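Participant: dropping a prediction and its sequence here:
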Amino acid sequence: MDIWEKLYLTAKPLYKPAELNEFIYANNVVCALETKSGKIYTGYCIEGLCGTINLCAERVALLNMLQDSGEMEVKRIISFRETPPEGLDGLPCGCCRETLMQFSVNNKDT
């Protein structure tokens, strides 16, 4: 199994779009990332009606990485909805790309 398939299969179980209550929606985008050391972390998006809790899956995975290992460098990252990403579909949004760069300038080629 190649690393991209491994990342996909690790994040796929998190894809469970759910309206948690009338204000919060979650798990409609999921992410898996591989750190420089080879560890894999996942995340899912969470959106709130007023916007104060909105976090993309990529940023949640980054926070999980930081909390668990203290690592800041990401080797690979994918994000997707219900199907595997193709081409540019799996790229993080601008906010997440900026966050990757704030974690480490070495993430510029992630």
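Facilitator: Perfect, I can see it now.
Participant: quick one: the strands in this structure?
Facilitator: Remark: strands assigned in the chain by DSSP state E are 18-19, 24-35, 40-48, 74-80.
Participant: what residues of the second one count as buried?
Facilitator: For strand 24-35, the neighbour count (16 or more other Cβ atoms under 10 Å) marks 25-26, 28-35 as buried. (Glycine included, C-beta is placed from N, CA and C.)
Participant: mean confidence for it?
Facilitator: The average pLDDT for strand 24-35 rounds to 96.
Participant: how far off centre is it?
Facilitator: 5 Å (Cα atoms, centre = their mean, to the nearest Å).
Participant: C45 versus the residue nearest to P85 when sequence neighbours are not counted, what's the distance?
Facilitator: Ranked by Cβ to Cβ, 6 or more residues apart in numbering and with sequence neighbours excluded, the top spatial neighbour of P85 is I78, at 5.5 Å. In this view, I78 and C45 are 14 Å apart by Cβ to Cβ, to the nearest Å.
Participant: so how far is M101 from the closest residue to C96 other than its chain neighbours?
Facilitator: Excluding the flanking residues, the one nearest C96 by Cβ to Cβ, 6+ apart is E58, at 3.9 Å. Per Cβ to Cβ, E58 is found 12 Å from M101.
Participant: who has more neighbours out of those two?
Facilitator: E58 (27 against 13; other Cβ atoms under 10 Å).
Participant: so that one is in contact with T42, correct?
Facilitator: No. In this structure, E58 is not within contact of T42 by Cβ atoms under 8 Å, at 10.3 Å.
Participant: and for these two, which residues touch both?
Facilitator: The contact sets of E58 and T42 overlap at 31, 33 (Cβ atoms under 8 Å, 6 or more residues apart in numbering).
Participant: quick one: the residue in the chain sticking out farthest from the centre from A11, how far?
Facilitator: Distance to the chain centre peaks in the chain at E22, reaching 24.1 Å (criterion: Cα atoms, centre = their mean). Applying Cβ to Cβ, the value for E22 to A11 is 27 Å.
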